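# Compute the structure for the input listed below.
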Amino acid sequence: MKRGHRQLDHTADLALELWAPTEAELLEEGAQALIALLTEDAQVGAKVERALHIDAVDPTDRLVRWLNEVLYLAISEGFLVAEADLVLHETGLDARVRGQDDGSASLRAEIKSVTYHDLVLTRRDDGSWSARVVMDV
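Here you go, the predicted structure:
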C-alpha cells in the first residue's frame, strides 16, 4: 500500500485523512500534509537537520503531539519539516527531521492546533495504518 493524504470536508475546522504502510510512515505523511496545507503546496527543501523527542501515552496521543510539534516548529521558528526518520517507542518517539529553517515567508494558511476531536487512528488487518485528524483553524 502506498502512502498518501487528502483534505476532508469538516463543519468548522479542517480535517485530513492519512494512510501509509506503517505507523512511522503515517506520521511522516501527516507532517508533510500539514506543511503542504500551511504553505499551500510550496516546495520545501531538506537543507537542515534537527533531532526531536516527543513523549506520548499511546499511538493516538503520539500522532497529535507529533503534528503539533511540526506545527509549532513552522509557526514559531519558521522550520518546515520536509522529511523525517522516526523511531517509535511505547511512550513516544525520537525523530531526525530534515527541512527548511527559513520558511516563515512560505506560510500562507493559519492552523492553530491539531486536536483530539474526531480523531481516528486505525491499524488495518493488513498491518497498514490510517487516520483522520481534525485541525483547529
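# which residues of this structure score low on pLDDT?
Applying pLDDT under 70 to the chain picks out residues 1, 9-12.
# Show me the residue at the heart of it, geometrically.
A31 (2.6 Å; C-alpha atoms, centre = their mean).
# Can you read off the backbone torsions of it?
The phi/psi pair for A31 (degrees, to the nearest 10) reads phi -60, psi -40.
# pretty sure it is touching L80, no?
No. Counting by C-beta atoms under 8 Å, A31 stays clear of L80, with 9.6 Å between them. Bear in mind the C-beta positions are built from the backbone N, C-alpha and C, glycine included.
# show me what contacts A31?
Applying C-beta atoms under 8 Å, 6 or more residues apart in numbering, we find A31 in contact with W66, L67, V70, V81, A84, V97.
# Next up, identify which helix or strand the fourth one is on.
Looking back up the chat, that one is V81. Assigned by DSSP states H and E, V81 belongs to strand 80-89.
# got it, and the third one?
Using DSSP H and E, V70 maps to helix 59-77.
# CA atoms only: put that helix into CSV for me.
Extracted in CSV, the C-alpha atoms of helix 59-77 (Å, rounded to 0.1, in the frame of the first residue of the first chain):
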residue,chain,number,x,y,z
PRO,A,59,-0.3,6.0,19.4
THR,A,60,-3.2,8.5,19.1
ASP,A,61,-1.5,10.8,21.5
ARG,A,62,1.8,10.4,19.6
LEU,A,63,0.1,11.4,16.4
VAL,A,64,-1.4,14.6,17.8
ARG,A,65,1.7,15.6,19.7
TRP,A,66,3.9,14.9,16.7
LEU,A,67,1.8,17.0,14.4
ASN,A,68,1.5,19.8,16.9
GLU,A,69,5.3,19.8,17.2
VAL,A,70,5.6,20.1,13.4
LEU,A,71,3.1,22.9,13.5
TYR,A,72,5.0,24.7,16.4
LEU,A,73,8.3,24.5,14.5
ALA,A,74,6.7,26.0,11.4
ILE,A,75,4.9,28.8,13.1
SER,A,76,7.3,29.7,15.9
GLU,A,77,10.6,29.0,14.3
